[in-house]
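A.B. asks: only the shape, not the letters, is given here:
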């Protein structure tokens, strides 16, 4: 590459065959369906399957592919990656969803004191999982290790985070 004309470099100008996209020319491009990962986990069971495969293969790189690295500083990268590596080195027992705590039930006493009435927020839909709990045995098999993972939704995909 040079800023000089092709002839000065004993070269022949050849226009590109395909026009470059805005992203290829260095312009910022808003995320669209075309820029999303094609095979990213979109449902919790897809994410569980990918985590399971990474642990069975003892592949921290595969697990890091579903980690939400957005906002992780360069300084925090090493410790986060070490945690992912430690997670894939232990034998897997189970991966289960974590749900938010149930709504608080409020007890209201009737003004005449005749009865107690319990009220709670009515929930039309079942709660959505907010995380996963990875249950494993320690490397020597003597203890149970539980690792909670947050679930994050970004670009129509599910990601994990510590």
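C.D. replies: Cool, got the structure. Everything quoted here is computed from the prediction, not taken from an experiment.

A.B. asks: quick one: list the elements packing against the longest helix that the chain contains.
C.D. replies: Within the chain, and with DSSP state H defining each element, the longest helix by residue count is helix 74-89. Judged by 3 or more Cβ pairs under 8 Å, 6 or more residues apart in numbering; DSSP states H and E, helix 74-89 is in contact with helix 44-57, helix 60-64. Any C-beta I mention is one placed from the backbone N, CA and C, and that applies to glycine too.

A.B. asks: change it to 10 Å
C.D. replies: If you count contacts as 3 or more Cβ pairs under 10 Å, 6 or more residues apart in numbering; DSSP states H and E, helix 74-89 packs onto helix 44-57, helix 60-64, strand 131-137, strand 144-154, strand 157-161.

A.B. asks: out of those, which comes closest to residue 90?
C.D. replies: strand 131-137 (4.0 Å; Cβ to Cβ).

A.B. asks: orientation of that closest one relative to strand 144-154 in degrees?
C.D. replies: 150 degrees (axes from the mean of the first three to the mean of the last three Cα atoms, to 10 degrees).

A.B. asks: partner strands of strand 131-137, with direction?
C.D. replies: strand 92-98 (antiparallel), strand 144-154 (antiparallel) (DSSP bridges).

A.B. asks: the ones you listed: which one's closest to residue 55?
C.D. replies: strand 92-98 (4.6 Å).

A.B. asks: and the average pLDDT for stretch 73-89 is what?
C.D. replies: Across stretch 73-89, the average pLDDT comes to 95.

A.B. asks: residues near residue 158, how many?
C.D. replies: When neighbours are counted by other Cβ atoms under 10 Å, residue 158 registers 22.

A.B. asks: ok, residue 90 - contacts?
C.D. replies: In this structure, residue 90 makes contact with 55, 58, 134-141, 145, 147, judged by Cβ atoms under 10 Å, 6 or more residues apart in numbering.

A.B. asks: alright, I will stop here.
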